[in-house]
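Undergrad: okay, predicted coordinates and the sequence, questions at the end:
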Amino acid sequence: MKQELIDKLFCFSSDSIANSSIGTANETGTGLGLMLCKDFVDKHNGKIWVETKPNQGSRFYFTLPVAR
């Protein structure tokens, strides 16, 4: 993934949904699931990010604080 796509990945806008791309295994999607994940993680004071390698794919990570 290019950095410009990563920057838009977790943002909710019609532009980010309209510009969905094909994955390395020819999978398609809208990106809506990532936006929902980000919203959930943010509401629980967590962090979500992606690490990507060209032509190899991407890994998504998140953290959540420990409940007290």
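TA: On my side now, so go ahead. Residues are numbered from 1 along each chain as shown.
Undergrad: please make it C-alpha for all contacts and neighbour counts, starting now.
TA: Will do.
Undergrad: need the helices for the protein, in chain order.
TA: 3-8, 14-18, 32-43 (DSSP state H).
Undergrad: most tightly surrounded among these?
TA: helix 32-43 (a mean of 15; mean count of other Cα atoms under 10 Å).
Undergrad: I'd like to know which elements that one is packed against.
TA: strand 47-53 (3 or more Cα pairs under 8 Å, 6 or more residues apart in numbering; DSSP states H and E).
Undergrad: how much does the strand it packs on deviate in direction from helix 32-43?
TA: Between strand 47-53 and helix 32-43, the angle formed by their directions is 140 degrees, by axes from the mean of the first three to the mean of the last three Cα atoms, to 10 degrees.
Undergrad: can you list the low-confidence ranges for this structure?
TA: Along the chain, segments meeting pLDDT under 70 span 12-21, 24.
Undergrad: including distance to residue 25, could the helices of the chain go into JSON lines?
TA: Compiled in JSON lines, the helices of the chain are given as follows (distance: least, Cα to Cα, whole Å):
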{"stretch": "helix 3-8", "distance to residue 25": "18"}
{"stretch": "helix 14-18", "distance to residue 25": "19"}
{"stretch": "helix 32-43", "distance to residue 25": "18"}
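Undergrad: out of those helices, nearest to residue 68?
TA: Across the helices of the chain, the minimum distance to residue 68, taken as Cα to Cα, is reached by helix 32-43, at 16.2 Å.
Undergrad: can you give the distance from stretch 36-51 to the centre of its chain?
TA: Offset of stretch 36-51 from its chain centre (Cα atoms, centre = their mean, to the nearest Å): 9 Å.
Undergrad: quick check: end-to-end length of it?
TA: From its first residue to its last, stretch 36-51 covers 19 Å (Cα to Cα, to the nearest Å).
Undergrad: other residues contacting that stretch?
TA: Judged by Cα atoms under 8 Å, 6 or more residues apart in numbering, the contacts made with stretch 36-51 from elsewhere in the structure are 6, 10, 58-65.
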